[in-house]
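K.L.:
coords below, sequence missing:
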Ligand SMILES: [Zn+2]
């Protein structure tokens with residue numbers, strides 16, 4: 001995985017650049033949850049499921065199907081009053097989907113682990129992208145506070161932090177200019 005901070009920042013940025021005009025704190029928190037939940041699968045190690053198992057780490061919870069299901073469930077539970085096929089309803093589903101998928105995409109850009117099972121349960125192959133600049137993050141909070149953890153922070157500041165903050169700044173000024181014109 002990329003670190004929990006990298007995943008959270010990516011999800012937060014997705015929410016900020018979206019055009020949804022609903023409670024931004026609630027939206028950001030839900031997006032961050034969507035981007036973090038896939039790594040709850042590390043618990044499967046303690047149930048004896050090996051990494052390569054479809055339910056193992058970077059398995060089903062990192063798949064495209066899971067992202068669709070999670071986006072639907074989060075949208076259905078937390079935005080009951082928003083109509084499914086309204087513009088906002090469709091956008092909500094879409095950004096929860098993108099936030100969840102952002103996790104798998106970042107993981108597929110990491111330099112360690114065994115790849116992401118994008119197509120589980122249809123196919124159990126694990127995939128990486130050919131560009132893998134992100135240092136894989138240690139599993140477990142205890143291991144994060146180490147030299148390895150510090151290297152991950154520096155690496156993610158460069159490969160996730162700078163692009164995300166740049167996007168947020170551009171988004172801020174674009175909106176400001178639009179509001180002035182309106
Ligand atoms: Zn992951």
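P.N.:
Looks like it came in fine. On a predicted model such as this, the values are computed, not experimentally measured, just so you know. Numbering: from 1, shown residues only.
K.L.:
so is the helix or strand harbouring residue 104 next to the ion?
P.N.:
Using DSSP states H and E, residue 104 maps to helix 87-108. Yes - using C-beta under 5 Å from the ion, helix 87-108 reaches the ion at residue 107. Backbone N, C-alpha and C define where each C-beta goes, glycine included.
K.L.:
buried ones in that helix?
P.N.:
Within helix 87-108, the residues that count as buried by 16 or more other C-beta atoms under 10 Å are 91-93, 95-104, 106-108.
K.L.:
and if you look at stretch 11-19?
P.N.:
Under the neighbour-count criterion of 16+ other C-beta under 10 Å, stretch 11-19 has 11-18 buried.
K.L.:
just the ones of those residues in helices?
P.N.:
Counting by DSSP state H, the buried residues of stretch 11-19 place 11-17 in helices.
K.L.:
so, low pLDDT: which residues of the protein?
P.N.:
1, 142 (pLDDT under 70).
K.L.:
switch to 80 and redo it
P.N.:
The chain contains residues with pLDDT under 80 at 1-2, 139-145, 182.
K.L.:
all helices of the protein, in order?
P.N.:
Secondary structure of the chain (DSSP H): helices located at 4-17, 24-36, 43-46, 64-78, 87-108, 141-144, 147-156, 162-181.
K.L.:
hang on, the earlier thing: would a markdown table of the buried residues of stretch 11-19 with distance to residue 54 be doable?
P.N.:
Shown next, in a markdown table, are these (distance: C-beta to C-beta, whole Å):
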| residue | distance to residue 54 |
| --- | --- |
| 11 | 25 |
| 12 | 30 |
| 13 | 30 |
| 14 | 27 |
| 15 | 30 |
| 16 | 34 |
| 17 | 33 |
| 18 | 32 |
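K.L.:
rewinding a little: out of the ones in helices among the buried residues of stretch 11-19, which comes closest to residue 182?
P.N.:
Nearest to residue 182, judged by C-beta to C-beta, of these is residue 17 at 18.4 Å.
K.L.:
tell me how far the closest residue to that closest one other than its chain neighbours lies from the ion.
P.N.:
Nearest non-adjacent residue to residue 17, counting by C-beta to C-beta, 6 or more residues apart in numbering: residue 171, 4.8 Å away. Separation of residue 171 from the ion (C-beta to the ion, to the nearest Å): 26 Å.
K.L.:
same deal with residue 6?
P.N.:
According to C-beta to the ion, residue 6 stands 10 Å off from the ion.
K.L.:
likewise residue 151?
P.N.:
On the measure of C-beta to the ion, residue 151 and the ion end up 18 Å apart.
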